[in-house]
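**Q** Provide a 3D model corresponding to the input given below.
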Amino acid sequence: MSAYVQSIDLVFPRPAPPAPGEISEIAPGVLWLRLALPFPLDHVNIYLVDDGDGWAVVDTGVADLRTRTVWEEVVARSLGGRPITKLIVTHFHPDHAGLAGWMTARFGVAMWMPQVDYFLAQTLLHSPDALGITAHRDFYLSHGLTPEVADALLGRGHDYLRMTSGLPATYHRLIDGETLRIGDRDFEILTGGGHAPEQAMLLCRADNLFLAADQVLARISPNIGVWGWEPLANPLGAYLASLADLRRRVADDVLVLAAHNLPFYGLHRRIRELEAHHEARCGEIEAAVARGPLTVAEIVPVLFRRPMDAHQTGFAFAETVAHVRLLARRGRLLARAPEGGIIRWVLAEP
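**A** The predicted model follows:
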């Protein structure tokens, strides 16, 4: 679940997005396409960058008939007769990688993607157990979810398969610090953890353009979650380290072309807001646990106070685990030995 985070004084060059399936120019030689999504975060922003003889596409949308139809119409009618020349996939989530297999085959283009996310996607696509059908049930139960809720979340595992068309068998690796040439522009590749293991971002210093993927969004925080395939991970620590790295490496006056919400100016201010948001959530958890030992399942409603469906519950649970894990790494929380297999968290003694 992506959490709303109050944003102050960001500058939005466009007050409204293009209609779903429509294209507009957001910067010279950069087109903005918005695609609909079949879940609560109802859109993803796709950017097409002038690549000389054609257009380099950044991300794909999910693999459904509606999105395929939009791509067919865009290529036929909206690109001035110029083809897609490159496909750049920022990370493994289905709204970004879902149509990668179909698009590379349909339009005859190569794909660029970070290595860790490429192989994680391949694992999820080809190993049903990695999707949590069996192996993750104990992970959910150990953190206090009921068998009924755990089973409901496990039943969502194959949603990933339903929203993806596979990946091409070969790809070009996006490596942090290297340069990707698109048309007459050089884009520095940056990668960061947290939301995905190795999410890629593209920075054109000459034109002050920063394609931020999901790492820095204007109105929400990306979901930062611990999942059953890596139950001891510390993604929130990785995410906060990535934000600090972006503050050092990327100028404040770039145009941030993010994958959700609106493009904006004010990168450093937004980074500070996101950092403050996650620190405040950690404080809420510490205050709750100070009143007595709690499971992760009991902490979830401390952070998420509105009714949630199974999709939202899964993301809320994963995000709560991530905050608890960061506090444990900082020495602020301790796991009390499982009673009946259930872990409860307590404040560490000062």
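**Q** longest single helix anywhere in this protein?
**A** helix 267-289 (DSSP state H).
**Q** now for it, which elements pack on it?
**A** strand 220-221, helix 235-249, helix 296-303, helix 310-329, strand 333-339, strand 342-347 (3 or more Cβ pairs under 8 Å, 6 or more residues apart in numbering; DSSP states H and E). For glycine as for every other residue, the C-beta is placed from the backbone atoms N, C-alpha and C.
**Q** Which among those is found nearest to Gly283?
**A** Smallest distance to Gly283 across the helices and strands packed on helix 267-289 (Cβ to Cβ): 9.7 Å, for helix 310-329.
**Q** For the closest one, buried residues please.
**A** For helix 310-329, burial by neighbour count (16 or more other Cβ atoms under 10 Å) applies to 311-328.
**Q** now do stretch 112-130
**A** Neighbour counts using 16+ other Cβ under 10 Å place Trp112, Met113, Pro114, Val116, Asp117, Tyr118, Leu120, Ala121, Leu124, Leu125, Ala130 of stretch 112-130 among the buried residues.
**Q** Name the residues that touch it?
**A** Contact partners of stretch 112-130, identified using Cβ atoms under 8 Å, 6 or more residues apart in numbering, comprise 86-92, 97, 100, 131, 135, 157-158, 160-161, 164, 166-167, 171-175, 180, 191, 196-200, 229.
**Q** Same check on stretch 313-320?
**A** By Cβ under 8 Å, 6+ apart, the residues outside stretch 313-320 that reach it are 1-3, 140, 143, 145, 149, 152-153, 156, 223-227, 285, 296-297, 299-300, 303-304, 308.
**Q** Could you write me a ChimeraX select line covering just the buried ones among those?
**A** This is how ChimeraX selects the buried members of these, with burial counted by 16+ other Cβ under 10 Å:
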select :1,2,3,140,143,145,149,152,153,223,224,225,226,227,285,296,297,299,300,303,304,308
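**Q** out of the helices and strands packed on helix 267-289, which comes closest to Arg66?
**A** Among these, the nearest to Arg66 by Cβ to Cβ is helix 310-329 (18.5 Å).
**Q** what's the spacing between the closest one and its chain's center?
**A** Mean-position distance between helix 310-329 and its chain equals 15 Å (Cα atoms, centre = their mean, to the nearest Å).
**Q** Tell me what angle it forms with strand 342-347.
**A** Here helix 310-329 runs at an angle of 50 degrees relative to strand 342-347 (axes from the mean of the first three to the mean of the last three Cα atoms, to 10 degrees).
**Q** Return the set of buried residues in stretch 9-27.
**A** Across stretch 9-27, burial judged by 16+ other Cβ under 10 Å covers Leu10, Pro17, Pro18, Gly21, Ile23, Ile26, Ala27.
**Q** Next, the distance between the ends of it.
**A** Stretch 9-27 has an end-to-end distance of 21 Å (Cα to Cα, to the nearest Å).
**Q** Among the buried residues of stretch 112-130, which ones are in strands?
**A** Mapping those onto strands (DSSP state E) picks out Trp112, Met113.
**Q** now the buried residues of stretch 112-130 as CSV including pLDDT and distance to Val70?
**A** As requested, these are exported to CSV (pLDDT from 0 to 100; distance: Cβ to Cβ, whole Å):
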residue, pLDDT, distance to Val70
Trp112, 98, 22
Met113, 98, 21
Pro114, 98, 25
Val116, 98, 29
Asp117, 98, 24
Tyr118, 98, 25
Leu120, 93, 26
Ala121, 93, 22
Leu124, 87, 25
Leu125, 87, 23
Ala130, 68, 30
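**Q** quick one on the thing from earlier: now the longest helix of the chain: average pLDDT?
**A** Per-residue pLDDT values over helix 267-289 give a mean of 98.
**Q** How about that helix, which residues are buried there?
**A** For helix 267-289, the neighbour count (16+ other Cβ under 10 Å) marks 267-271, 273-274, 277-278, 281-282, 285-286, 288-289 as buried.
**Q** If I take it and helix 296-303, what angle do their directions form?
**A** Helix 267-289 and helix 296-303 are oriented at 120 degrees to each other (the same axes, to 10 degrees).
**Q** With only the CA atoms kept, save helix 267-289 in PDB.
**A** What follows is helix 267-289 as a C-alpha-only set of coordinates in PDB (Å, rounded to 0.1, in the frame of the first residue of the first chain):
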ATOM      1  CA  LEU A 267      13.200  17.100  -5.400                       C
ATOM      2  CA  HIS A 268      15.200  17.800  -2.100                       C
ATOM      3  CA  ARG A 269      12.100  19.200  -0.400                       C
ATOM      4  CA  ARG A 270      10.200  16.000  -1.300                       C
ATOM      5  CA  ILE A 271      13.000  13.800  -0.100                       C
ATOM      6  CA  ARG A 272      12.900  15.500   3.300                       C
ATOM      7  CA  GLU A 273       9.100  15.000   3.400                       C
ATOM      8  CA  LEU A 274       9.400  11.300   2.700                       C
ATOM      9  CA  GLU A 275      12.200  10.900   5.200                       C
ATOM     10  CA  ALA A 276      10.100  12.600   7.900                       C
ATOM     11  CA  HIS A 277       7.100  10.500   7.000                       C
ATOM     12  CA  HIS A 278       8.900   7.200   7.600                       C
ATOM     13  CA  GLU A 279      10.600   8.500  10.800                       C
ATOM     14  CA  ALA A 280       7.100   9.500  12.100                       C
ATOM     15  CA  ARG A 281       5.800   6.100  11.400                       C
ATOM     16  CA  CYS A 282       8.700   4.600  13.300                       C
ATOM     17  CA  GLY A 283       7.800   6.900  16.200                       C
ATOM     18  CA  GLU A 284       4.200   5.700  16.100                       C
ATOM     19  CA  ILE A 285       5.300   2.100  16.300                       C
ATOM     20  CA  GLU A 286       7.600   2.800  19.300                       C
ATOM     21  CA  ALA A 287       4.800   4.600  21.100                       C
ATOM     22  CA  ALA A 288       2.400   1.700  20.500                       C
ATOM     23  CA  VAL A 289       4.900  -1.000  21.600                       C
END
